[in-house]
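In: Could you look at this predicted model? Sequence included:
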Amino acid sequence: MTHTVLVVEDEPNIVLSLQFILKQAGFMVRVARDGEQALRAIDDYVPDLVVLDIMLPKQDGFSVCEAIRGNDKCRDVKIIMLSAKSREADKERAMALGADEFVTKPFSTRILGQMVKDIVSSSPTIPQ
Amino acid sequence: MSGGLVLTISILYLGLLFAIAQFVDKRADTNRPITRNPYIYTLSIAVYCTSWTFYGSVGLAANQGLDFLPIYLGPTLVFVLWSVIWVKIIRICKVHRITSIADFIASRYGKRAGLGGLVTIIAVVGTMPYISLQLKSIATSFRILVSSSETALLTAPSDPIFFIDTTLIVAVALALFAILFGTRHIDASEHHEGLVAAIAFESVVKLVAFLAVGFFVTYGLYNGFSDLFSKAQQKDLSGLFNVSTDGDYSLWMTMTLLSMAAIICLPRQFYITAVENPDESYLRKATWLFPLYLLVINIFVLPIALAGRLLFDGQTADADMFVLTVPLFHDQGILALIAFVGGLSAATSMVIVAAIALSTMVCNDLIMPLLLRWRVLNINKNDDLTGLLLTIRRVSILLVLILGYVYYLIASESYSLVTIGLVSFAAAAQFAPAIIGGIFWKGASYRGALTGLALGFAVWLYTLLLPSFAQSGWLPISFIENGPWNIALLKPYALFGMEGFDRLTHALFWSMLVNIGAYWLVSLISQQTAIERIQGTLFVDVFGHTDDEKDSRYWRGSATIADLQQLVGRFVGGPRVAEAFNGFAASRNINLRKSQTADATMLDFAEKMLAGAIGSATARVMMGSVVKGEIVGLDEVYRILDETSQVIEYSHRLEQKSAELEQATAQLRNANERLKELDSLKDHFLSMVSHELRTPLTSLRAFGEILVDNPDVPLEERKQFLNVIIKESRRLTRLIDQLLDLARMEAGQMDWSLDNVDVGAAVKEALAALEGLMKENEVQLDLDLPEALPKVRADRDQLMQVLINLVSNAIKFCDKTTGKIVVEVSTQDDVLLVSVSDNGRGVPEDVMSSIFEKFHQSAGTSENKPQGSGLGLAICREIVTFLGGEIWVANQPTGGAKFSFTVPRSDYLQTRLSAE
């Protein structure tokens, strides 16, 4: 069975690279360019994993994360947050809001690819 | 009228006075005296009204009309408008147990005997004419009453009665009476309840007697005031009761000022108002009651004077005696007798109080210091000196009266009562600068007061007293007419050629000029000693220094209680001292042991008690001999002394400091806010820089790794990825360039090469550089560039940068399908205006103000996030501002944003620079 990843990121080139990595890892990739789009996408279809940038137009990554965690449908959704700011405070805030991982840009595609695989397989997937 | 009868009545009257005094004193010893109330106090102040008032005012009014009034105007002004000065003087007298005006002045200027002695001499010499005035009036009125023949009414008989001069008898009798009266107690600062009561009684007697005569004249001889005044008018006497409009007012002015000074500075007024004041609050009543008394006693002055003039029309009658002679002429014997008793009361009250006040001064401030200096008085022996003190005072009283009599013999005959009195007033007025200056000016010094008083007194002697001797024939009359040794400049009535003033004004002018001038100047240049500073502060700040504890901390040495008791006992009497010390101990809840060392308060108590008996100057010397410690050093004195003023100043400074602190705190708070703001700005900036650097780096690393890890990526995709790497590298380079530019500009380290730049050419070049981008985005350009634009002063490369930034922004934000950009250049006064507009969505209102800030990115509202570092507009602003122009943005009504900036024209800039 194929897992779905929602990439929420406004930089087109980063989206491009993430798409490549995640597809290679065998995921279905959907893309959202800003916070609002992301929430609409989740409402539409619940992914297994969200790769979520913090600096986003319209609604930032933190509030998107909060919204996902507040949504009962998404209880099992894993969240990896991306940040270009590398501030300890941001990481703490992300973890407190319920993110599973926090990755600082620039990231290693190898590590990120492995991390995505690990995170999804560790989840107690309930067959639907 | 028989001499025996008049004499008997006089003696009976004086006996009554004595009885009153004794009765009141007896009562005072047992319980609170009934006489202690503000009315008695006010009546005692009316000792101001003497024979001068009783007889002399009428005399003056009969010849000069209303000129008698200023003498009462001055005291009224002082009491009504300036009673504060009395409050202060009374408080000082109480705190320091002041016994007389000499004591007051000596105490204020460092408790030194020299000044007290000088004041005493001036007071005695100055009072001399005044006492002679009383003697003259009593003697004259007595003779008139006794002879009471028709002729006697006109010229008073001068034949001696009982073969001696009547005036001498009067003088000796009054002296004996004053001795009996005034020296029953030692402690001069104690209240003499009996004396005050007797004086108050006399004030009632003289008032009633004068009003009786006034009523008789106005309503007995005439039908009221209007009748009297109209009769007087028919006789051409209206000049007397109309204020003349032609004459100058200098005499009025002088007399008012003189009497203002006199009510404070006459020894007897000072004594009765300040030293004998039982309660400060009584003054409140006196401020209106005393002026009222003056008003009432003056009501009938003019009527009696006019009646006298009408009665003795054309004859040379002694107008000073109208009060007596008018009733006598109309055979009103009883009324004349009443008038005589009234005059007697007026004279005796003055003589008694003046003699007591003067004798205290002579004893405490003149004789005692001399005895001390000549070592007649062995201060280390223990003999009782109370008897000596009493003897000195009694002799002094006799001496004062005799001096008055001598002056009467020498000068009085040729002067009217008022003229004699004014000479005394002018002498007393010499004290005014030292007293008033002393209680308001801490800087006034001993030398200043001494010099001022001495010079003022000398001028008084020369311009008023000596001429009166000359006019009586005791000095050659040429002394007045030609000046001594025929030096006209030294003529006593026209000193240094000053003529045209009356004698009194002339004398007052010169004496006050030298008095105040020397007092002020010498005070300024002379150094105050420690004790002067102490006393100056205690006097000026008397209301702040009422705490007794502090007053006397300047005695450094020590003495036992027994020493002190012995010392004070020698002057005050042993039993009384023991009693007083025990009372003092009881009030402070302490037990006194004889061998105990006295503390500062005890020393102070002893010194003040001693001062009450022998004056502050002598008391200080005495205390010094026992305590055997000088007063503390000067700097310590400053500390103790200026305590009050220092505390005030200190608290003032504290207030100021706390205000400054508050201000500093506010400034700090502001600075802190600003720092926080800057800090958060810096934080924000760094985090933005980090973000902007990491974003392209992310792509670089990601695609680098992808390409390495996946050698089998199709060529097409590989090419795309490599292009991303190139694009992002460029972006990174541009970002770093911009950051460095901005940093350099903000730090002022940018290398600008300023030149006269052709804007048109620059615009064209910038647009050419962006032609490719415009084509790529299918943007239409509309260029409005006038011919022959003036050049601007600018850095060409930087100006190009501004243009490129603005135009590329416009390309980025213009309408995606039908993009259109307008670039306009125009001349506006001294600048060129360049604007770049697009037809996009315009700038949202909420970012209008921050659009030129660093890293303000138009947070991509669109699907495609615009590429940019967020530094372009910030750099534009830096450049334009540096070049001396402005940059702004506005939304166009037709939609789209319009960025405009100005650059100064080089031709205008040069003229402007040269103009500056």
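Out: Nice, thanks for sending it over. Numbering: from 1, shown residues only, chains lettered A, B, ... in the order given.
In: What count of nearby residues applies to B:Cys300?
Out: No Cys there; residue B:300 is Phe. By other CB atoms under 10 Å in any protein chain shown, 23 other residues sit near B:Phe300. (C-beta placed from N, C-alpha, C; glycine too.)
In: Please apply the same query to the one 5 residues further on.
Out: Applying other CB under 10 Å, we find 29 other residues in the vicinity of B:Ala305.
In: surely it meets B:Met321?
Out: No - counting by CB atoms under 8 Å, B:Ala305 sits too far from B:Met321 to count as a contact (11.6 Å).
In: any residues in contact with both of the two?
Out: Residues within reach of B:Ala305 and of B:Met321 at once, by CB atoms under 8 Å, 6 or more residues apart in numbering or on different chains, are B:Gly59.
In: Any idea how many residues pack against the closest residue to B:Ile367 other than its chain neighbours?
Out: Using CB to CB, 6 or more residues apart in numbering or on different chains and skipping the chain neighbours, the partner closest in space to B:Ile367 is B:Ile392 (5.1 Å). When neighbours are defined as other CB under 10 Å, B:Ile392 has 22 of them.
In: Can you verify my assumption that B:Ile392 contacts B:Met361?
Out: No - B:Ile392 lies out of contact with B:Met361 (CB under 8 Å); the separation is 11.3 Å.
In: Where does B:Ser280 sit, in terms of helix or strand?
Out: One correction, residue B:280 is Glu, not Ser. Using DSSP states H and E, no element contains B:Glu280; it sits outside every helix and strand.
In: which residues does it contact?
Out: By CB under 8 Å, 6+ apart, the contact list for B:Glu280 reads B:87, B:90-91, B:94.
In: Return the subset of these lying in helices.
Out: Using DSSP state H, B:87, B:90-91, B:94 are the members of these that sit in helices.
In: before we move on, which element is the residue nearest to B:Tyr271 when sequence neighbours are not counted in?
Out: In space, and not counting its chain neighbours, B:Tyr271 is closest to B:Ala357: 3.8 Å by CB to CB, 6+ apart. Using DSSP H and E, B:Ala357 maps to helix B:333-361.
In: which is the next helix or strand following the helix or strand of chain B at the bottom of the mean pLDDT ranking?
Out: Here the helix or strand of chain B ranked lowest by mean pLDDT, DSSP states H and E is helix B:548-551, holding a mean of 45. Using DSSP H and E, the helix or strand that directly follows helix B:548-551 along the chain is helix B:561-572.
In: So what's the gap between that next one and the chain middle?
Out: 40 Å (CA atoms, centre = their mean, to the nearest Å).
In: can you list the residues of chain A near chain B?
Out: A:10-14, A:16-18, A:20-21, A:24, A:33-34, A:55, A:57-58, A:84-87, A:104-110 (CB under 8 Å from any CB of the partner chain).
In: do that again at 6 Å, thanks
Out: Proximity of chain A to chain B is confined to A:10-11, A:13-14, A:17, A:20, A:57, A:84-85, A:105-106, A:109 under the rule CB under 6 Å from any CB of the partner chain.
In: Make CSV out of those and add neighbour count and secondary structure.
Out: Below are the residues of chain A next to chain B laid out as CSV (neighbours: other CB atoms under 10 Å in any protein chain shown; DSSP: H, G, I helix; E, B strand; the rest coil):
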residue, neighbour count, secondary structure
A:Asp10, 22, coil
A:Glu11, 22, coil
A:Asn13, 23, helix
A:Ile14, 26, helix
A:Ser17, 25, helix
A:Phe20, 20, helix
A:Pro57, 19, coil
A:Ala84, 23, coil
A:Lys85, 17, coil
A:Lys105, 25, coil
A:Pro106, 20, coil
A:Thr109, 22, helix
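In: B:Thr256: which of these is nearest?
Out: If you rank the residues of chain A next to chain B by distance to B:Thr256 using CB to CB, A:Lys85 comes first, at 91.4 Å.
In: Quick check: pLDDT value at the residue nearest to B:Ile367.
Out: As predicted, B:Ile392 sits at a pLDDT of 85.
In: Check which helix or strand it maps to.
Out: In this structure, B:Ile392 is located in helix B:386-410 according to DSSP H and E.
In: Retrieve the pLDDT associated with the residue in the stretch 251-400 of chain B positioned nearest to chain A.
Out: For the stretch 251-400 of chain B and chain A, the shortest gap (CB to the nearest CB) falls at B:Glu280, measuring 75.2 Å. With respect to pLDDT, B:Glu280 has a value of 83.
In: Which of the three states applies to A:Asp43?
Out: helix (DSSP: H, G, I helix; E, B strand; the rest coil).
In: Hmm, B:Met368 and the residue nearest to B:Ile367 touching each other?
Out: No - here B:Ile392 does not reach B:Met368: they are 7.6 Å apart, not a contact under CB atoms under 6 Å.
In: What is the subsequent helix or strand relative to the helix or strand containing B:Leu873?
Out: Assigned by DSSP H and E, B:Leu873 belongs to helix B:872-883. Heading C-terminal from helix B:872-883, the first helix or strand you meet, by DSSP H and E, is strand B:887-891.
In: average pLDDT across that following strand?
Out: Strand B:887-891 comes out at a mean pLDDT of 89.
In: which of the residues in that strand are buried?
Out: By 16 or more other CB atoms under 10 Å in any protein chain shown, the buried positions in strand B:887-891 come out as B:887, B:889, B:891.
In: Check stretch B:329-341 too.
Out: For stretch B:329-341, burial by neighbour count (16+ other CB under 10 Å) applies to B:329-330, B:332, B:335-341.
In: Over to stretch B:716-726?
Out: B:718, B:721, B:724-725.
In: Could you do stretch B:171-185 as well?
Out: Buried residues in stretch B:171-185 (16+ other CB under 10 Å): B:171, B:173-175, B:177-183, B:185.
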